[in-house]
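Visitor: no sequence on hand, only this structure:
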């Protein structure tokens, strides 16, 4: 493991072990020595099995101040958008006079990486207003089912649907080291 390729494999296994063990701790929530040792061994087996799939960033990647602040901001803004969207949807359900202009919209995306596209799709779909349906990587378009289709152009729809999420993800991009 002294070669650069061996160090890269070791870094990947370490990162995957960190995520697997963190997942084990969160899911089991029991803190006995036996449980932690068993979880560490299971996490190591998972990490070794997944390492051939490619590199990974470990949980410690988030501990840079700008990333940590970006993560906290992403969680808080997304949570507030979820609450507001749920209240608006509840109001539409309880008051039939409020218009329901549901439909499909296609918006542009500036994300290029698989992880970025997955994050934008998942996070923007947490808000009940819009649910991702499809993506066109070549044209860099995302298709959403919207409870309330925003008025205006595709650019205005992007600013409403996925633009805020993409802006929140910028501080978390891996290539900004």
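Guide: In hand now; what should we look at? Keep in mind that what you see is a predicted model, and the values were worked out from it rather than measured.
Visitor: going by C-alpha atoms from here, please, whenever you check contacts or count neighbours.
Guide: Noted.
Visitor: buried sites along the helix or strand containing residue 16?
Guide: Following DSSP states H and E, the helix or strand that holds residue 16 is helix 4-28. Under the neighbour-count criterion of 16 or more other C-alpha atoms under 10 Å, helix 4-28 has 8-21, 24-25 buried.
Visitor: hmm, who's touching it?
Guide: Outside helix 4-28, the residues that touch it by C-alpha atoms under 8 Å, 6 or more residues apart in numbering are 1, 31, 36, 39-40, 43-44, 46-48, 50-51, 54-59.
Visitor: and for stretch 115-129?
Guide: Contact with stretch 115-129 is made by 78, 81-82, 85-86, 89, 111, 130-132, 146-148, 161-162, 165-166, 169, as judged by C-alpha under 8 Å, 6+ apart.
Visitor: give me the three-state assignment for residue 145.
Guide: In three-state terms, and counting by DSSP: H, G, I helix; E, B strand; the rest coil, residue 145 is strand.
Visitor: now the strands for this protein?
Guide: Using DSSP state E, the strands of the chain run over 103-108, 130-136, 141-146.
Visitor: and the lengthiest helix in the chain, how far out from the chain middle?
Guide: Taking residue count as the measure and DSSP state H as the definition, the longest helix of the chain comes out as helix 65-94. Going by C-alpha atoms, centre = their mean, to the nearest Å, the spacing between the C-alpha centre of helix 65-94 and its chain's C-alpha centre is 13 Å.
Visitor: stretch 89-101 too?
Guide: Averaged over its C-alpha atoms, stretch 89-101 has a centre that lies 29 Å from its chain's centre (C-alpha atoms, centre = their mean).
Visitor: okay, how far is it across it, tip to tip?
Guide: 12 Å (C-alpha to C-alpha, to the nearest Å).
Visitor: ok, and what's touching it?
Guide: Under the criterion C-alpha under 8 Å, 6+ apart, residues 128-129, 147-149 lie in contact with stretch 89-101.
Visitor: tell me which residues of it are tucked away?
Guide: Residues of stretch 89-101 classed as buried by neighbour count (16+ other C-alpha under 10 Å): residue 89.
Visitor: which one is residue 54 nearest to, not counting chain neighbours?
Guide: Closest residue to residue 54 in three dimensions, ignoring its sequence neighbours and counting by C-alpha to C-alpha, 6 or more residues apart in numbering: residue 12, at 7.4 Å.
Visitor: and the pLDDT for that neighbour?
Guide: Turning to residue 12, the model gives it a pLDDT of 90.
Visitor: give me the residue at the spatial middle of the chain.
Guide: Nearest residue to the geometric centre of the chain (C-alpha atoms, centre = their mean): residue 119, 3.2 Å.
Visitor: okay then, goodbye and thanks.
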